[in-house]
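> need coordinates for the below:
(one chain, ligands or ions: 2)
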Amino acid sequence: MSITAIKGFNDLLPSESGLWQFIEQTARQVFARYGFNEIRVPIVEKTELFCRSIGDTTDIVEKEMYTFTDKGGSSLTLRPEGTASVMRALIEHKLYALDSINKLYYMGPMFRHERPQKGRYRQFHQIGAEVTGAADPLIDAQVLLMVSRLFKELGLTEPSLQINSLGCPVCRPAYREALVAFLAQRQDALCEDCRRRQTTNPLRALDCKVPGCVEATKGAPAMLEHLCPECDLHFSAVQNYLAVAEVPFSLNPRMVRGLDYYTRTTFELVTGLLGSQSAVAAGGRYDGLVEQLGGPAVPGIGFALGVERVALLLGDRNFDGTPDLFIAVLGDAARTAGFHLMAGLQDQGFWVETDCEGKSLKSQMRRADKLKARYSIVLGDTELTAGSGSVKCMGDGSQQAVNLTVAAITEILTGG
Ligand code: ATP
Ligand code: MG
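Ligands and ions are numbered 1, 2, ... in the order given. Alright, predicted model coming up:
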């Protein structure tokens, strides 16, 4: 029996990789314009990093992590997200001391043990960006502007931006109490998870998808109504900057993110096109995180998008190129001459294909058609003796006589 991949772990096939490269390249180009540099962090980290940052009582840490003990007895975890690792690296390499503002982006696989379905996998890919060193609302707006530009450049009008503020350690405790009091009166209507989380992570009830909880939390107090004056001012300023930059958004007072480190501005890019996998990108401010991980008091904000979900929104697109030239060969001498020409033309930057299966001329030409080569040339004893042949334009069938030199063929391939 042949071996298959693990459930929820996907191969990215050649027919899809062009689309992925387009997404990655677009992200790199857009991020560069906003002054971001790439950081590459390991896929595996000490488990404690994620417990301390994402939070012990979140779904990710409670249920979704790929955690194992290595041969040395250490508890390690396949990273479920990128921010924790990037902040770990920022602290470890003192990047905050080299520059007061750090703008970093990353892309790569993340791992969560979830039930696989369309848009939800166990190995999935994120592209994310982080800015550390500034708490100014201008930075929040800049990150949101960048995200919205990225989606625009990807050619997507969906998804739409929703924002909220989760307050700060000054105002959140009082809000939390108000919410707990509200939930306590609706105990019986809540699901088991939400009941259990009432003491540990009550905010999650607002995010729960169980219909009973959705119903029971209608009219629940919202963080936005409990912001302290500083958070309120900050959030208004973010909205003003978004208006200045003409970034469309809507308020979603029920949005609570599934990671504990968020403070103040949080956001999601939401689509109606992917069923319950509605969040295409998400992020927010995490002003206490660096300190919580043992670094200095450096504020930060970031986001990550799910590449699989973006790819689903972009749908089937053909990013395959086509060869510039197919060299059909008849006989051993022609095969060697064709190989020589092919090598020279490839050095000039052309994509050149030739026969490597010893096929008949007819089936070589069929292959040239299948590959959608722009031009073809046939090399046989006659052409070799004459030192010339004819290049055929596959689109309209027109032929041009040509000397069998790299320079002469280059001229046709570039001119045509
Ligand atoms: P969801 O609510 O769909 O579970 P999330 O809040 O857990 O998403 P984040 O942790 O904020 O997601 O990650 C940011 C983005 O990463 C999501 O918006 C989504 O596009 C993508 N993502 C998260 N989990 C998965 C997964 N299991 N498979 C594919 N993409 C994912
Ligand atoms: Mg999730």
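> and the one residue in the stretch 201-350 of the chain that gets nearest to ligand 1, what are its bridge partners?
Closest approach between the stretch 201-350 of the chain and ligand 1, counting by Cβ to the nearest ligand atom: residue 306, at 2.2 Å. Any C-beta I mention is one placed from the backbone N, CA and C, and that applies to glycine too. Assessed by DSSP bridges, residue 306 has beta-bridge partners residue 126.
> list the buried residues in stretch 184-197.
The neighbour-count check on stretch 184-197 (16 or more other Cβ atoms under 10 Å) flags 186, 190, 191, 193, 194, 197 as buried.
> what do you get for stretch 113-128?
For stretch 113-128, the buried set under the neighbour-count rule, 16+ other Cβ under 10 Å, comprises 114, 119, 120, 121, 122, 123, 124, 125, 126, 127, 128.
> wait, what's in contact with the fifth one?
Residues near residue 122 by Cβ atoms under 8 Å, 6 or more residues apart in numbering: 6, 7, 8, 9, 66, 111, 112, 113, 114, 116.
> go with 10 Å
The contact partners of residue 122, by Cβ atoms under 10 Å, 6 or more residues apart in numbering, come to 6-10, 64, 66, 78, 110-116.
> so for it, what's the nearest residue that isn't a sequence neighbour?
Leaving aside its sequence neighbours, residue 122 sits nearest to residue 8 (Cβ to Cβ, 6 or more residues apart in numbering; 2.9 Å).
> residues of this structure that sit close to ligand 1?
Neighbours of ligand 1 within the chain, by Cβ under 6 Å from any ligand atom: 81, 112, 114, 119-121, 124, 126, 258, 277, 279-282, 304-306, 308-309.
> returning to that earlier point: ok, so of the buried residues of stretch 113-128, who is nearest ligand 1?
Of all those, ligand 1 sits closest to residue 124, with 3.3 Å by Cβ to the nearest ligand atom.
> quick check: closest non-adjacent residue to that closest one.
residue 308 (5.3 Å).
> again with residue 153
Leaving aside its chain neighbours, residue 153 sits nearest to residue 26 (5.2 Å; criterion: Cβ to Cβ, 6+ apart).
> quick revisit: and the buried residues of stretch 113-128, which of them are in helices?
The helices, defined by DSSP state H, take in nothing from those.
> mind giving me JSON lines with the residues you listed and columns for pLDDT and distance to residue 86?
Converted to JSON lines, these look like this (pLDDT from 0 to 100; distance: Cβ to Cβ, whole Å):
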{"residue": "114", "pLDDT": "96", "distance to residue 86": "22"}
{"residue": "119", "pLDDT": "95", "distance to residue 86": "24"}
{"residue": "120", "pLDDT": "97", "distance to residue 86": "23"}
{"residue": "121", "pLDDT": "98", "distance to residue 86": "22"}
{"residue": "122", "pLDDT": "98", "distance to residue 86": "22"}
{"residue": "123", "pLDDT": "98", "distance to residue 86": "19"}
{"residue": "124", "pLDDT": "98", "distance to residue 86": "18"}
{"residue": "125", "pLDDT": "98", "distance to residue 86": "16"}
{"residue": "126", "pLDDT": "98", "distance to residue 86": "11"}
{"residue": "127", "pLDDT": "98", "distance to residue 86": "13"}
{"residue": "128", "pLDDT": "98", "distance to residue 86": "8"}
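> against residue 113, how distant is the residue lying closest to residue 6 once chain neighbours are set aside?
Spatially, and ignoring its direct neighbours in sequence, residue 6 is nearest to residue 122 (7.3 Å; Cβ to Cβ, 6+ apart). Residue 122 sits 6 Å away from residue 113, going by Cβ to Cβ, to the nearest Å.
> do residue 217 as well
Remark: distance between residue 217 and residue 113 (Cβ to Cβ) = 27 Å.
> just the buried residues of stretch 208-218, please?
Neighbour counts using 16+ other Cβ under 10 Å place 208, 213, 216, 217 of stretch 208-218 among the buried residues.
> which strand or helix spans residue 35?
Under DSSP states H and E, no helix or strand contains residue 35.
> thought residue 168 was touching residue 228?
Yes. Residue 168 is within contact range of residue 228, at 6.9 Å (criterion: Cβ atoms under 10 Å).
> between those two, what contacts are shared?
Contacts common to residue 168 and residue 228, judged by Cβ under 10 Å, 6+ apart, are residue 234.
> what helices or strands is the longest helix along the chain leaning on?
For the chain, the longest helix by residue count, based on DSSP H, is helix 14-33. Contacts defined by 3 or more Cβ pairs under 10 Å, 6 or more residues apart in numbering; DSSP states H and E place helix 14-33 against strand 37-38, strand 102-111, strand 123-132, helix 137-153, helix 307-314.
> what angle separates the fourth one from strand 102-111?
I take that to be helix 137-153. Using axes from the mean of the first three to the mean of the last three Cα atoms, to 10 degrees, one finds that helix 137-153 and strand 102-111 are set 50 degrees apart in direction.
> which SSE is immediately downstream of helix 137-153?
Toward the C-terminus, helix 137-153 is succeeded by strand 160-165 as the next helix or strand (DSSP H and E).
> distance from the chain centre to that next one, please.
Distance, stretch centre to chain centre, for strand 160-165: 19 Å (Cα atoms, centre = their mean, to the nearest Å).
> neighbouring strands of it in the sheet, and parallel or not?
In the sheet, strand 160-165 lines up against strand 250-251 (parallel), strand 263-270 (antiparallel) (DSSP bridges).
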